[in-house]
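Enquirer: Got a predicted structure plus its sequence, pasted below:
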Number of protein chains: 2
Amino acid sequence: MKIEKSSNIKKSPVMHEGAKDVEIRWLISKADGAENFAMRMFELQPGGHTPLHTHPHEHEVFIVQGRGTFVCEAQEHEFGPENVIFVPGGLEHRFKNTGDSVLRFLCLIPASAV
Amino acid sequence: MKIEKSSNIKKSPVMHEGAKDVEIRWLISKADGAENFAMRMFELQPGGHTPLHTHPHEHEVFIVQGRGTFVCEAQEHEFGPENVIFVPGGLEHRFKNTGDSVLRFLCLIPASAV
């Protein structure tokens, strides 16, 4: 069992090519005994974005704070707090912080993708 | 792909024996094409609680709003906003709203548990 304030969990910069001002916290993962899927918190500074990329696994996303745009297969969608986003595997996508404060969202993936 | 405000997604009462003043929204599930795990939002009124129960699958939980207690194997833990909780399968547990406003949390489970 694990119970923790998410802000107490270590934050690391995301170094992938195409990422800008993105940090990640691995809130729940295999290291905690979670065999099936992993919960991460992403934090993007204003203007920051994830890479425009594609992969076989899906994302399940919940916006905790902030506003931004989600690009999926060249279509742009705006989002705000408490929006939920499901990204099936194989679709090209990117998250961008278009607000003037930090953007924070949960993004869960299958453990097999880690 | 799905993008939606979570509050627009249908909310239903949880009728399980031992549940009190609990509602659920299935934010992302197999109906959306999510084959591996499901994201639900639980909403508990003040004094409301989930059943004290055990099952083989794990929970990954993120507290969105409110305060409460999490009982796990007869140990009580307090939690508040942005706490993260991992409940391995097989542990007896219960969530209770001990605050004076609604308690809302995300709870994700493997698709095989649905």
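Expert: It's in. In this text, all values refer to a predicted model and were calculated from it rather than measured experimentally.

Enquirer: Which neighbouring elements make contact with the longest strand belonging to chain A?
Expert: Ranked by residue count under DSSP state E, the longest strand found in chain A is strand A:37-49. When contacts are defined as 3 or more C-beta pairs under 8 Å, 6 or more residues apart in numbering or on different chains; DSSP states H and E, strand A:37-49 packs onto strand A:20-28, strand A:93-97, strand A:103-110, strand B:59-65, strand B:103-110. C-beta here means a position set from N, CA and C on the backbone, and glycine is covered the same way.

Enquirer: and if we set it to 6 Å?
Expert: If you count contacts as 3 or more C-beta pairs under 6 Å, 6 or more residues apart in numbering or on different chains; DSSP states H and E, strand A:37-49 packs onto strand A:20-28, strand A:93-97, strand A:103-110.

Enquirer: Report the spatially nearest residue to residue A:95, omitting neighbours in sequence.
Expert: residue A:50 (4.7 Å; C-beta to C-beta, 6 or more residues apart in numbering or on different chains).

Enquirer: Any buried residues in the longest strand of chain A, and which?
Expert: Neighbour-count burial for strand A:37-49, with 16 or more other C-beta atoms under 10 Å in any protein chain shown as criterion, is recorded at A:37, A:38, A:39, A:40, A:41, A:42, A:43, A:44, A:46, A:48, A:49.

Enquirer: now, the most widely separated pair of the residues you listed?
Expert: Distance extremes for those: the farthest pair is A:37 and A:46 at 29.6 Å, using C-beta to C-beta.

Enquirer: Could you measure from the residue nearest to residue A:95 over to residue A:71?
Expert: Residue A:50 is 10 Å from residue A:71, where distance means C-beta to C-beta, to the nearest Å.

Enquirer: Spell out which residues are contacts of both of these two.
Expert: Common neighbours of residue A:50 and residue A:71 are listed as residue A:94 (criterion: C-beta atoms under 6 Å, 6 or more residues apart in numbering or on different chains).

Enquirer: what about those two, which has more around it?
Expert: Of the pair residue A:50 and residue A:71, residue A:50 is the one with more neighbours under other C-beta atoms under 10 Å in any protein chain shown, namely 24 against 16.

Enquirer: Surely residue A:40 touches residue A:109?
Expert: No: Residue A:40 lies out of contact with residue A:109 (C-beta atoms under 6 Å); the separation is 7.5 Å.

Enquirer: Would you reformat the helices and strands packed on strand A:37-49 as a markdown table and include distance to residue B:56, mean pLDDT and mean neighbour count?
Expert: Formatted as a markdown table, the helices and strands packed on strand A:37-49 follow (distance: least, C-beta to C-beta, whole Å; pLDDT from 0 to 100; neighbours: other C-beta atoms under 10 Å in any protein chain shown):
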| stretch | distance to residue B:56 | mean pLDDT | mean neighbour count |
| --- | --- | --- | --- |
| strand A:20-28 | 18 | 98 | 19 |
| strand A:93-97 | 33 | 98 | 22 |
| strand A:103-110 | 18 | 98 | 23 |
